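sharing a model that was predicted from the sequence below.
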Amino acid sequence: MREQARFWRHPAVPEVDLLKARYVTHRFTRHVHEGYAIGVILEGVEEFDYRGTLNRAAAGQVVAVNPEHEHTGQAGEPGGWAYRMLYPSIDTLSSLAAELRLPPGTPHFPSQVLTDPDLARLLTSAHAATEHGNDLAASTLIRTAFARLLRRHAIPRPAVELPASGDLAVRRAVEVLHESLIDPPSLDDLARAVQARPFPLLRAFKAATGLPPHAYLTQLRVRHARRLLEAGVRPAQVAAEVGFTDQAHLNRHFKRIVGVPPAAYQRTAGTYKTPEIGSHTL
């Protein structure tokens, strides 16, 4: 079976990215999302490590990944898995939770694999509506699906502050990495810049962000690359502007985090084109 994927947005739900894919050998490297990752497994089994816990999601189950929580993704059986994924922003679900008059706080999903057939069917229908439905159907079904997800499976979670020990150094280190996409410092130089020792900084950084500094930097580069691709910048130029050595380097890391290559992402992200599953072979 070929690996196939399509990434797009619908104009009626601009704060929600959409992915429809089948993966067999593809593996998502450890990464985080700025928003949520909500999906329905259509076939097979997806296996993913979520903050040190191994999860398995089978056909008919729902996956719920919280923002900025590190996780992986790979096949849980030889045939791989197929799924529909929705990536709503934090503001999208927080605003909806407020409209529903749910308890205040950022929505948080304590369980990452949900067995809820009604919700799975509704999420699948909502996702399909962005392919085949009109603006009203797409926006209505997605909001209805997210409302059910929030009411049944979310709890409020206040903003989590960084640990008191080393938090200032971590905050400064994050700022340095944001400013150093092209020419990042070594761990020793980063530690000196924030007046910390390398290994204590490494431990504190990973505890606060879920990723070591080098992986966090790759995540930043890919996020910036997405914005440039959406603006129409050519992938080769994007690679240079975000600090990757060449386009192949960008392709490798981009696909491991986003699930599709940069050129495929650029063709559809930010525009609505009725996607056909299998229209892009990985």
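Received, thanks. Numbering: from 1, shown residues only.

number of residues surrounding the residue nearest to residue 106 when sequence neighbours are not counted?
Excluding its sequence neighbours, the residue lying closest to residue 106 (CB to CB, 6 or more residues apart in numbering) is residue 157, at 5.4 Å. No exception for glycine: its C-beta is placed from N, CA and C like everyone else's. The criterion is other CB atoms under 10 Å. On that basis, residue 157 has 13 neighbouring residues.

got a list of what residue 157 touches?
With contacts defined as CB atoms under 8 Å, 6 or more residues apart in numbering, the neighbours of residue 157 are 105, 106, 107, 108.

would you turn those into CSV with pLDDT?
Below are these laid out as CSV (pLDDT from 0 to 100):
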residue, pLDDT
105, 88
106, 92
107, 96
108, 96
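
out of these, who has the most neighbours?
Highest neighbour count within these: residue 107, with 25 neighbours (other CB under 10 Å).

ok, what's across the strand from that residue?
Bridge pairing for residue 107 (DSSP bridges) gives the partners residue 156.

looks like it contacts residue 147 (just checking).
No - using CB atoms under 8 Å, residue 107 and residue 147 do not qualify as a contacting pair, with a distance of 11.2 Å.

just give me the longest strand of the chain.
Counting by DSSP state E, the longest strand found in the chain is strand 37-50.

what is the mean pLDDT for it?
Averaging pLDDT along strand 37-50 gives 97.

direction included, what does that strand pair up with?
For strand 37-50, the pairing partners within the sheet under DSSP bridges are strand 53-58 (antiparallel), strand 62-65 (antiparallel), strand 71-75 (antiparallel), strand 81-88 (antiparallel).

which residues does the second one contact?
Residues from elsewhere that reach strand 62-65 (CB under 8 Å, 6+ apart): 33, 36-41, 46, 48, 50, 55, 57, 71, 83, 85, 109, 111-116, 119-120, 123, 149, 153.

quick one: it to chain centroid distance?
A distance of 11 Å separates the centroid of the chain from that of strand 62-65, by CA atoms, centre = their mean, to the nearest Å.

go on, the third one?
Taking the mean of its C-alpha atoms, strand 71-75 sits 12 Å from the chain's own mean (CA atoms, centre = their mean).

you'd agree residue 172 is up against residue 192?
No - applying CB under 8 Å as the test, residue 172 and residue 192 come out as separate, 11.2 Å apart.

let me know the helix or strand that the closest residue to residue 144 other than its chain neighbours is in.
In space, and not counting its chain neighbours, residue 144 is closest to residue 122: 6.6 Å by CB to CB, 6+ apart. The secondary structure element spanning residue 122 is helix 117-132 (assigned by DSSP states H and E).
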